[in-house]
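Participant: Pasting a predicted model and its sequence here:
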Amino acid sequence: MASPLALAYDPSPLQDFCVADKASNVFVNGQVCKDPKMVSAGDFAFSGLQNAGDTANPFGSKVTLVDVKAVPGLNTLGVAMARLDLAAGGLNPPHTHPRATEILTVVEGEMYVGYLDTNGTLFAKVLHKGDVFVFPKGLVHFEFNFGDCPAFGIAGLSSQNPGLVRVADSLFGASPAITNEVLAKAFRIDAATVQRIKARFATRK
């Protein structure tokens, strides 16, 4: 008897590995596999997470992402990871990963982290060294270092290509730009204020 429901998701790998072939010009959902005879241990390795990221920017934060672009061997395996560095007072601004759940472990320092569910409820907590927090797939979340010392954490993500959408950047820094009228009505502010905000994101009119 046939089910009226059809369920679909990323299929499980059908082989031991499918190392991404960066030289291929074929466009597929994911990455084309490299010839297994050309695969080496280096396709599964990455060096650099021991180094602190450069937080000398307006947000005081840096994310070092280890995804399929950094490690071709992650192709079809459905995982990635990242190092998050926050200077004192640094913020990883509200953003989403449309294709991944994230689990964050604080390695040094303290972070105030949280996410918003689809009802607008905030789930937030101060994390200390060794603490873990989960951000469900696709929900807006943030990390903030309210302390006097730098902080950093390591995150796991449930996609080889998690994606990143920064809320403010995507709305006020879109190209082509979202009209002032749309943003003014959405945020209940006037068009002049919208234009001033856009100027901070170097958006074309």
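Facilitator: Okay, I see it.

Participant: okay, CA-based contacts and neighbour counts for the rest of this
Facilitator: Fine.

Participant: Can you pull out the residues in contact with the longest helix seen in the chain?
Facilitator: Within the chain, and with DSSP state H defining each element, the longest helix by residue count is helix 191-200. Helix 191-200 has contacts (CA atoms under 8 Å, 6 or more residues apart in numbering) with 172-173, 180-181, 183-184.

Participant: Just give me the closest of these to residue 62.
Facilitator: Among the contacts of helix 191-200, residue 173 lies closest to residue 62 (CA to CA), at 19.4 Å.

Participant: Of the contacts of helix 191-200, just the buried ones, ChimeraX syntax please.
Facilitator: Of the contacts of helix 191-200, the buried ones go into a single ChimeraX selection, burial set by 16 or more other CA atoms under 10 Å:
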select :172,173,180,183,184
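
Participant: For burial, what's the neighbour tally of the closest residue to residue 94 other than its chain neighbours?
Facilitator: Computed as CA to CA, 6 or more residues apart in numbering, the closest residue to residue 94 that is not its neighbour in sequence is residue 142, at 4.7 Å. As a burial measure, residue 142 scores 19 neighbours (other CA atoms under 10 Å).

Participant: Surely residue 142 touches residue 86?
Facilitator: No. With contact defined as CA atoms under 8 Å, residue 142 does not reach residue 86; the gap is 11.6 Å.

Participant: can you tell me the helix or strand for the residue nearest to residue 94?
Facilitator: Using DSSP states H and E, residue 142 sits within strand 141-144.

Participant: Can you give the strand pairings for that strand, parallel or anti for each?
Facilitator: Its sheet considered, strand 141-144 pairs with strand 91-96 (antiparallel), strand 111-116 (antiparallel) by DSSP bridges.
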